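Asker: Sequence and predicted structure, then a few things I'm wondering about:
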Amino acid sequence: MFLGTTMIDPVILVHGGAGDIPEWRVPLKLHGVRKAARAGYNILSKVECSALDAVEAAVKIMEDDEAFNAGKGSVLTIKGTIEMDAIIMEGKNLNTGAVAGLSNVSNPVSVARLVMDSTPHIFLAGPGANAFAREKGVPYVPDDELITDFAREALDDFIHGKGEATSELGQESKHGTVGAVAIDRYGHLACATSTGGMTGKLPGRVGDTPLVGAGGYCDDAEGASSATGHGESIAKVCLCHHIIGLMQSGLDPKEATELALTNMKNRTGGTAGAITLSNKGQVGIHFNSKRMAWAYVRGGEVHSGINPDEDDIELL
Ligand SMILES: NC(=O)C[C@H](N)C(=O)O
């Protein structure tokens, strides 16, 4: 409900993927997540702001940045092709849009938004998702323009390496899925997540990212969460829904995010990270991978980090 009065301070929190990120990629990742968080906050600062617009804008910035495994810079299937997955969700009414196996578009998150806004469905996959993007006039981008040298090298390393698709170890770790959660001044929450998946995945493989409750979940009654990491593990435990459920039983977002990730690791052996916001604007950030780039903006401050227990603060 649009109340027209300030209820809480808006917050946007983003991640740029969990993984074994090499040292030389750290500055690129931090630059990208800070830029995305600032762009999202810029939208939240407007009077007629919406958390939904803010998470879409922040994710688009990271999809356009080839330092991340989403949009341009997406990792490749074993056949050398691009198949991208994305989700967007609105906490006010649980409206959701998702796509899987998308190619030839720069911003899968915006196609997910179109699924949400202009179809009676929540999820389009494969040829249907691609045809839908064309019907909606989403600009066609040759996949060659989305494929980077890093993605090609990562696939090459994968093919000559250990031969198991991973999301957070080895070559693929040069890149990271992206995600955002936000709360606007009216108390509405939104989340969005976008990825190229895992290097060397089988064509047709769908990970956690576009699955409601796995790669993202939000409900104004509690909070919003977005995940990154080993997709099969995240999906098996419906990680984001689990986090929100733990908050419902009284944990704060930090405790809920940490406990859900520990439970996931214990049950599946996989590692991941997640970012969470409560409906009061409290932040939860945790990862059991080596690193996860994240940033959030609240008030006049931009917080960011990539190593455990890091929190750098800049003025907006
Ligand atoms: N890097 C990632 O977060 C990958 C993504 N979760 C997937 O498995 O598709």
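Answerer: Yep, that arrived. All of these numbers come straight from a predicted model, not from anything done at the bench. Numbers count the residues shown, from 1 in each chain.
Asker: Residue 286 against residue 256, yeah?
Answerer: No: contact criterion C-beta atoms under 8 Å: residue 286 and residue 256 do not qualify, at 9.2 Å. To be clear about C-beta, it is placed using only N, CA and C from the backbone, and glycine gets the same treatment.
Asker: of those two, who's got more company?
Answerer: residue 256 (27 against 24; other C-beta atoms under 10 Å).
Asker: how about that one, phi and psi?
Answerer: With angles defined as degrees, to the nearest 10, residue 256 sits at phi -70, psi -40.
Asker: how about the strands in the stretch 51-200 of the chain?
Answerer: Applying DSSP state E, counting those that start in this stretch to the stretch 51-200 of the chain gives strands spanning 84-90, 96-102, 123-125, 178-183, 189-195.
Asker: Let me have these in JSON lines, adding distance to the ligand as columns.
Answerer: JSON lines is the format used below for the strands of the stretch 51-200 of the chain (distance: least, C-beta to the nearest ligand atom, whole Å):
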{"stretch": "strand 84-90", "distance to the ligand": "6"}
{"stretch": "strand 96-102", "distance to the ligand": "10"}
{"stretch": "strand 123-125", "distance to the ligand": "14"}
{"stretch": "strand 178-183", "distance to the ligand": "8"}
{"stretch": "strand 189-195", "distance to the ligand": "5"}
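Asker: now, of the ones you listed, which is deepest in the fold?
Answerer: Mean neighbours per residue, mean count of other C-beta atoms under 10 Å, is largest over the strands of the stretch 51-200 of the chain for strand 178-183, with a mean of 35.
Asker: Tell me what angle that strand forms with strand 84-90.
Answerer: 0 degrees (axes from the mean of the first three to the mean of the last three C-alpha atoms, to 10 degrees).
Asker: quick one, strand 178-183 and strand 189-195 angle?
Answerer: Using the same axes, to 10 degrees: strand 178-183 against strand 189-195 is 180 degrees.
Asker: re earlier: would you reformat the strands of the stretch 51-200 of the chain as CSV and include distance to residue 212 and mean pLDDT?
Answerer: Formatted as CSV, the strands of the stretch 51-200 of the chain follow (distance: least, C-beta to C-beta, whole Å; pLDDT from 0 to 100):
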stretch, distance to residue 212, mean pLDDT
strand 84-90, 7, 98
strand 96-102, 5, 98
strand 123-125, 8, 98
strand 178-183, 14, 98
strand 189-195, 10, 98
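Asker: out of those, which comes closest to residue 37?
Answerer: strand 178-183 (8.0 Å; C-beta to C-beta).
Asker: Mind giving me the packing neighbours of that closest one?
Answerer: When contacts are defined as 3 or more C-beta pairs under 8 Å, 6 or more residues apart in numbering; DSSP states H and E, strand 178-183 packs onto strand 11-19, helix 26-44, helix 51-63, strand 189-195, strand 223-229, strand 272-278.
Asker: okay, the ones you listed in a markdown table with distance to residue 96 next?
Answerer: Compiled in a markdown table, these are given as follows (distance: least, C-beta to C-beta, whole Å):
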| stretch | distance to residue 96 |
| --- | --- |
| strand 11-19 | 19 |
| helix 26-44 | 19 |
| helix 51-63 | 11 |
| strand 189-195 | 10 |
| strand 223-229 | 12 |
| strand 272-278 | 17 |
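Asker: Nearest to residue 74, out of those?
Answerer: Residue 74 lies closest, by C-beta to C-beta, to one member of those: strand 189-195, at 7.4 Å.
Asker: The residue nearest to residue 103 when sequence neighbours are not counted and residue 312: what is the separation?
Answerer: Computed as C-beta to C-beta, 6 or more residues apart in numbering, the closest residue to residue 103 that is not its neighbour in sequence is residue 82, at 5.1 Å. Per C-beta to C-beta, to the nearest Å, residue 82 is found 33 Å from residue 312.
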